[in-house]
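> pasting the structure only:
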């Protein structure tokens, strides 16, 4: 730390409190988190490989799924390696610039995933409610434009939040009650009013988040209404099976994200939030490929073919 104006000690690095400061469980946590991370990389990497090597999966639904798998690789990669380093070395510091970059990429990737899930919901809406026009509406150009739009919007949105978070002065206290740099625990350390930064999160994040959520909700309202109008039980089952995986992923993602972000810092409870952010940041990306591979017959068949090719 260095002396700044008005004799205040300016923060030059932060201390990440981590999941536990008890030496007895550090190694156990390291092993568990490393295994979760490796399973996440393997699961999502396998989904990408299965989609890339199977021409039958070269359609909009699986193009969007491959982008989701990429996000599920990048998102934990923004936080887990640093956390593993801290657990192993017992050195919990992160530089000011490192913290800023970690927060930027985490928020950017989480935002991109929100928008991508909305695009995937729209894709399922067109497939089930307008099946005859599906290939015309969901053409290659539109799919590329929508996907590029989700990534660009996610990263620009994060740039705004990161700027408003880190233009604030940080002095004296530098202990982040979290195992990575995120908006609520970082704002809690500022020695100035965080009102504007919090309003930016609530208003801008709210507009984008609610907008994406409404697209998802409206899409599924139409999907469910269409499925209910199908007369045969087999037809209903087949139609629902095409969107069941996505619906489970949406519920899991929104449940943890809303709890983490859409609330004021006054309701911030470090111990409780560490658990939820673990679910949001590590468990969800690990479960997504499992949900898709178990509930989707085409993905299951592609994975089986991939395994057979590797062993023959």
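Here it is on my side, so go on. All values reported here derive from a predicted model rather than from experimental measurement.
> from here on, contacts and neighbour counts on C-alpha atoms
Fine.
> how about the strands of the stretch 1-150 of the chain, start to end?
2-3, 9-10, 13-16, 93-95 (DSSP state E, counting those that start in this stretch).
> lowest-confidence stretch among the ones you listed?
Mean pLDDT is lowest for strand 2-3 out of those, coming in at a mean of 44.
> Residue 285 and residue 42 touch, don't they?
No - at 11.1 Å, residue 285 does not count as touching residue 42 under the criterion of CA atoms under 8 Å.
> pLDDT below threshold where in the stretch 51-200 of the chain?
Applying pLDDT under 70 to the stretch 51-200 of the chain picks out no residues at all.
> What ranges does it have for its helices?
60-77, 80-89, 96-129, 134-137, 140-166, 183-187, 195-200 (DSSP state H, counting those that start in this stretch).
> Residue 285 and residue 42: who's more crowded?
Neighbours around residue 285 and residue 42, counted as other CA atoms under 10 Å, are more numerous at residue 285. The numbers are 29 against 15.
> can you tell me the helix or strand for that one?
Secondary structure assignment for residue 285, by DSSP states H and E: helix 284-295.
> Now do that helix against helix 60-77, angle only.
150 degrees (axes from the mean of the first three to the mean of the last three CA atoms, to 10 degrees).
> and for the helix or strand following helix 284-295, what are the contacting residues?
Using DSSP H and E, the helix or strand that follows helix 284-295 in sequence is helix 297-310. With contacts defined as CA atoms under 8 Å, 6 or more residues apart in numbering, helix 297-310 is touched by 46-47, 50-51, 54, 57, 292-294.
> buried stuff in helix 297-310?
By neighbour count on 16 or more other CA atoms under 10 Å, the buried set for helix 297-310 is 298-300, 302-303, 306.
> cool, stretch 38-55 as well?
For stretch 38-55, a neighbour-count test (16+ other CA under 10 Å) marks 39-41, 43-48, 50-51, 54 as buried.
> Can you report how many residues neighbour residue 238?
12.
> nope, residue 89 is what I meant
Neighbour tally, residue 89, other CA under 10 Å: 9.
> quick one: contacts for the most centrally placed residue in the chain?
Computing the C-alpha centroid of the chain and ranking residues by CA atoms, centre = their mean puts residue 110 first, at 3.8 Å. When contacts are counted by CA under 8 Å, 6+ apart, residue 110 touches 75, 154.
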